[in-house]
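A.B. asks: compute the structure for the input listed below.
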Amino acid sequence: MIRRRSLFGAIALATTLAATSALPGRWGLDYFPNTSLLDQEGQELRFVDDLLDGRIAVVNFFYLDCPDICGLATARMAKVYEWLGERVGEDIVIISISLTPERDTPEELAAYAEAFGAGEGWYFLTGEPEEVEELRYKLGERSTRLSDHRSDMLIGNVATGEWRRTSLMGNLAAATADILALDPDWEPPRTPAKVLDGATLDSFAEKSRVGEGLFSKGCAACHSIGAGVRVGPDLEGVTLRRDHDWLMRYIRTPDRMLAEGDPIAVKLDQEYPTVRMPRFGLGEKDAADLISYLHAETLRLEELPREGSASDQAHNMDGKDTHGNDAAGHAH
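C.D. replies: Just a heads-up that it's a prediction; the model follows:
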């Protein structure tokens, strides 16, 4: 019973205090130790040379025997991993570092990674305890007890030196956007103005029947939004992992994009061969309405914070994370 209260209390506190907090200043590569680590395949990797390697980095801490929130945090990271799509392993890397490296072996980490569907670009790491201790301290994870470790993500762009924190226990659509926004060339999804103005998503949905109707008639037989893969991919988060202009073209002319050899269109055709994406003859406005609906549904499923919500108030919490640590990792 004590353990159950601990878990639910941690989840509630993490949700309440979910916020992005800026780290002081910028970190160049010379800030990080080039620690030698072992991934889930037993491969030796250097933190700077092999893992950061000029990419956008997403770093979190966990341990296999964690009785509380680590499993949930990893499951939520798995959704972020899915939404980031093929960018992970290319220009984005996810780095999950064990806080009990003396116990967590590569073989055990491999089984853990497989259970969460981790593939290319997501590394579960262990190493020599003294070296891992130095690395985690430099990355702001300075808890003195395992039960107090950080449950947020440290995210940064190695090329620009910009680093900050974002929550794994809050809104995942916002967290994914925080990661993508580290790319200076990324353009955020075109969120309906009414949502940005503070209108509830429920009221927006009432005004979004066109997009909902298009989805029900043309898409729902093959796709879900948040309910898993059918004969086509789940479309929750698709407006985050795909460029808006690419979505407009693909919805309107998937056959042309496939014929032209668009790499994403080709990959989707290979991964979901049962039913080829049809051309519905939608106009530009209809395609835009459909994309708007898909994005609104992603936000609704992730419970976009309303004005005045606990999540909004958390932005005034002096950068504290879910365990009361400040942006630099100090406990109070």
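
A.B. asks: what does the domain assignment say about this structure?
C.D. replies: Domains of the chain are assigned by automatic domain parsing as 19-186, 193-301.

A.B. asks: could I get the ones you listed as JSON lines with mean pLDDT and mean neighbour count?
C.D. replies: C-beta here means a position set from N, CA and C on the backbone, and glycine is covered the same way. Compiled in JSON lines, the domains of the chain are given as follows (pLDDT from 0 to 100; neighbours: other C-beta atoms under 10 Å):
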{"stretch": "domain 19-186", "mean pLDDT": "89", "mean neighbour count": "18"}
{"stretch": "domain 193-301", "mean pLDDT": "79", "mean neighbour count": "16"}
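
A.B. asks: list the contacts for the nearest residue to F47 once chain neighbours are set aside?
C.D. replies: In space, and not counting its chain neighbours, F47 is closest to T35: 4.4 Å by C-beta to C-beta, 6 or more residues apart in numbering. Counting by C-beta atoms under 8 Å, 6 or more residues apart in numbering, T35 touches 46-47, 127, 131-132, 134-135.

A.B. asks: ramachandran coordinates for T35?
C.D. replies: Per-residue torsions, T35: phi -60, psi 140 (degrees, to the nearest 10).

A.B. asks: C66 now?
C.D. replies: phi -60, psi 120.

A.B. asks: what's the spacing between it and L168?
C.D. replies: Distance, C66 to L168, using C-beta to C-beta, to the nearest Å: 13 Å.

A.B. asks: now do the helices in the protein.
C.D. replies: Using DSSP state H, the helices found in the chain span residues 2-16, 70-84, 106-115, 129-138, 172-180, 193-196, 201-206, 209-218, 238-241, 244-252, 254-259, 263-271, 284-301, 310-313.

A.B. asks: closest to L29 out of those helices?
C.D. replies: Nearest of the helices of the chain to L29, taken as C-beta to C-beta: helix 129-138 at 12.1 Å.

A.B. asks: which other helices and strands does the closest one contact?
C.D. replies: Applying 3 or more C-beta pairs under 8 Å, 6 or more residues apart in numbering; DSSP states H and E, one finds that helix 129-138 contacts strand 36-38, strand 92-98.
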